[in-house]
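Chemist: sequence first, then the predicted structure:
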Amino acid sequence: MTTATPQKDSKPKLKARVAVNSANTLIVRDVPNIIVLVGGTVDPGNTSPTARSASYHNPKVPLKDSDSNHYWEENTRFLEDIEALRKEYTNLHVFTAHGWSGDNNPTNRTIAGTYLADRLCGGDGQTPYYGAFLNREVSFHLIGHSHGGNVINAFTERAATSKTWPKKWKIRSITYLSTPFFTRLHQVNTGAFHDDCRIINVFCKYDLTQRVVADFSLMPLTEVIGMGEDPKKPDPTLVTPKMLMESVAAIRFDFDKLKEAVLSARPVDKDDDWFGVDLHLLMNKTKAERVYDEALTALAQLGKVFVQVKTLLRQLNVKRKLHVPVELKGKMTAEHQLLSDGLLKRFLVEIQRVESGIVPTQKALQARRKAGEYPVTGLYDDLQIAVFLKPLVRLVGVDRKTLDGPLWSLIGALLAEQMNEFDNTSNSPAAQLAKTKFASRIVHVDVTREDEYHQKHKEKEYDRFLAMLEAIEKHFAATRDPRDLRNLLFTLLAQVEPLRQMVKKWSTAADWAEDLARLAGKVKSPGLKLTIDLVKSLESYSVIFSERDAGGLQVDVPKREPPYGSLDYLMRVSHSVSRQDLYDNPKNDVKTPLKAQFDTRKRRGG
């Protein structure tokens, strides 16, 4: 289907058709039926000045080019099915002339739903789009994906309470596609529902956005991955969290090689006098050289990580202007800053403390490498205790019980700054409709089997993962404990495959810490003691991650991006399964219950 632009949307027929029998008795009414498409969130982080969630093609963008503002642009089968329905019935119209900011903000969702209702009937000074029908009976069928469903709920509130909304205009169906249903926010109002209204709830089990991420009105992690990047014109200066994560995972240091080098240490007499003894505990040269080379490579990579972190933080600190449509001037957020000036300063101070020690440490390691002799305590002393190792140990330290530490306090503060609202969500509107006569009018359509990930046999691992997340959010909803935010973040990170594999290698850190402790009992080295503290931190991370590891969600397939089961996949691809098709097979039937709500006649031959 080629969706109509707002200017070319199919206009209503002015005369309703009826069918009569030989006695001239009315047997079929032909009420104008209007399908209203509502897009979901397209800019969760408010990062794009032009982002819009529009249900129409922008006439300024050539049809041959992709229109990023057209929310349904890539949902070809879905649009074709909608168009086929329009052609099948005599008086069925498809309204696509609606767009909203598409950002992850409850206020803007409410504004969008209110404006949509006013746009149709002429409320709040708007020109009524369906002015010819104001005194006619009209049936509406609202279809919204993701938070578009919550825009629809705001629409129902406006329709039920506005004096402008025509009394004869009734909502005969709502089709929710992967809508996160809040406990408190965006409650549906059935005041403008037709008595025969039906609610069709389409969901996918693996949709992590609907079940968990949408609880937070903030920037979902999956959307941060591509923050601000234009795939057609990549910005070489841009740093994304995905790039940063890859850089962190690229830091390599093999503790087994270090252990092997330390155990190779032998006493060497450095006194040339036959009568004197000056023993030095030196490591095997070849084995020590490997350790030093690896340490230098790791330091260089760590330096790159710090540069990327600072760049990303400054990107988040930029105040971004949002595109505000004329009709919403003064009604919606016009500017957004993802990281406050004060928090940016705190981040940079902590980073500088560690970063300033990288160059001196590199010089010390290079000097030892050039000298060619490797005392067993030399590596620890070369790590420049005061300017590098001590600040590093302090920064990355984490308490296993509280999950707190300097780094995680900062990250927690960043999450807290972005939390506009928190409200637990579910994948069903049942709770919102429980006390209404429409509670029994809900049709649940599970499209999980349409998700390719379903064929990867990871149901057990996903169930374990989801149960952990939901338990955390349930506790946070009751207590607002900051630890829960850190716990949620660690649980998400524990499923990121590159980090998961890296942390597995830290599982031997406990044994290595014991080996170092025995060595520290024989030689005096402040650097060695701090190294033990660093290794213990790695051990803590290993325990924290392993406790939250669901068993491996990701399934790697060559050239498949995002990988099956990755957070990106579960939050984005699985979240979009419901809008790929207007499913009409026996197991996943959306079309049949929708068509049952139309009270317009089929065309002849249809």
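Modeler: Nice, I can see it.
Chemist: was I right about Met571 contacting Val213?
Modeler: Yes: counting by CB atoms under 8 Å, Val213 is a contact partner of Met571 at 5.8 Å. Heads up, the C-betas are built off the backbone N, CA and C, glycines and all.
Chemist: can you pull out the low-pLDDT segments for this protein?
Modeler: 1-28, 43-51, 63-64, 217-236, 269-280, 320-337, 508-527, 605-606 (pLDDT under 70).
Chemist: what's the longest helix in it?
Modeler: Counting by DSSP state H, the longest helix found in the chain is helix 285-317.
Chemist: name the helices or strands packed onto that helix?
Modeler: Contact here means 3 or more CB pairs under 8 Å, 6 or more residues apart in numbering; DSSP states H and E; on that basis helix 285-317 packs against helix 241-249, helix 255-263, helix 341-355, helix 358-371, helix 378-382.
Chemist: Asp451: which of these is closest?
Modeler: Proximity to Asp451, assessed across those by CB to CB, is greatest for helix 241-249 (22.3 Å).
Chemist: moving C-terminal from the helix or strand containing Ile532, which element do we reach first?
Modeler: Ile532 belongs to helix 526-548 when assigned by DSSP states H and E. Counting by DSSP H and E, the next helix or strand C-terminal to helix 526-548 is helix 567-568.
Chemist: can you list the strands that the strand ranked longest in the chain pairs with?
Modeler: The longest strand of the chain (DSSP state E) is strand 193-203. Strand pairing for strand 193-203, determined by DSSP bridges: strand 169-177 (parallel), strand 442-446 (parallel).
Chemist: tell me which of the ones you listed is the most buried.
Modeler: Highest mean neighbour count among the strands paired with strand 193-203 (mean count of other CB atoms under 10 Å): strand 169-177, with a mean of 26.
Chemist: I would like the residues contacting that strand, please.
Modeler: Applying CB atoms under 8 Å, 6 or more residues apart in numbering, the contact partners of strand 169-177 are 33, 121, 133, 137-146, 148-149, 152, 156, 159, 188, 192-194, 196-202, 429, 578-579, 590, 593-594, 597-599.
Chemist: if we go to 6 Å?
Modeler: Defining contact as CB atoms under 6 Å, 6 or more residues apart in numbering, one finds that strand 169-177 is touched by 138-143, 145, 149, 192-194, 197-202, 578-579, 597.
Chemist: ok, residues contacting stretch 60-73?
Modeler: Contacts for stretch 60-73 (CB under 6 Å, 6+ apart): 39, 52-55, 57-58, 79.
Chemist: from those residues, which is closest to Asp463?
Modeler: Taking CB to CB as the measure, Asp463 lies nearest Gly39 of the contacts of stretch 60-73, at 30.4 Å.
Chemist: what's near enough to touch that closest one?
Modeler: Contact partners of Gly39, counting by CB under 6 Å, 6+ apart, are 53, 55, 71, 148.
Chemist: can you check Ile152 too?
Modeler: If you count contacts by CB under 6 Å, 6+ apart, Ile152 has them with 38, 142, 144.
Chemist: doesn't it belong to a helix?
Modeler: Yes: assessed with DSSP: H, G, I helix; E, B strand; the rest coil, Ile152 lies in a helix.
Chemist: distance of it from Ala249?
Modeler: 41 Å (CB to CB, to the nearest Å).
Chemist: and for Asp549?
Modeler: 16 Å.
Chemist: neighbour-wise, which of those two wins?
Modeler: Using other CB atoms under 10 Å as the criterion, Asp549 and Ala249 rank with Asp549 on top: 19 against 16.
Chemist: would you agree the more buried one is in contact with Leu493?
Modeler: No: under the criterion of CB atoms under 6 Å, Asp549 is not in contact with Leu493, lying 10.2 Å apart.
Chemist: now do the end-to-end distance for stretch 379-388.
Modeler: 13 Å (CA to CA, to the nearest Å).
Chemist: so which bits of that stretch are buried?
Modeler: By neighbour count on 16 or more other CB atoms under 10 Å, the buried set for stretch 379-388 is 379-385, 387-388.
Chemist: what comes up buried for the longest helix of the chain?
Modeler: Result for helix 285-317 [16+ other CB under 10 Å]: buried residues 287-288, 290-292, 294-295, 299, 301-302, 305, 308-310, 312-313, 315-317.
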